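Enquirer: based on what follows, work out the 3D shape:
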Amino acid sequence: MKTKSKVLPRFLCVGFALALLDTGCAGPRPLKGGRAVTTHKPAGVIEQTLVQGENPSQTSK
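Expert: Residues are numbered from 1 along each chain as shown. Just a heads-up that it's a prediction; the model follows:
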């Protein structure tokens, strides 16, 4: 016969795992990002330009 001290942690562990599986993909999607372009100048300088997207508050697909 199992005691309460062994059953409760196992029950909580299984319940937590089921909750994670159930809500794994239900979170909000990430926001759309912009673009980054890296260029190398002749003098050996590296320049990076960041361009924000048209509507960054729109979620990605």
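
Enquirer: and Q48, that's in a helix?
Expert: No - under the criterion used here (DSSP: H, G, I helix; E, B strand; the rest coil), Q48 is strand, not part of a helix.

Enquirer: show me what counts as buried in stretch 46-57.
Expert: Within stretch 46-57, no residue counts as buried by 16 or more other Cβ atoms under 10 Å. (Glycine included, C-beta is placed from N, CA and C.)

Enquirer: any idea how far the nearest residue to Q52 once chain neighbours are set aside lies from E54?
Expert: Nearest non-adjacent residue to Q52, counting by Cβ to Cβ, 6 or more residues apart in numbering: G34, 4.2 Å away. Distance, G34 to E54, using Cβ to Cβ, to the nearest Å: 9 Å.

Enquirer: which parts of this protein are strands?
Expert: Secondary structure of the chain (DSSP state E): strands at 35-40, 46-51.

Enquirer: okay, now K6: neighbour count?
Expert: K6: 9 surrounding residues under other Cβ atoms under 10 Å.
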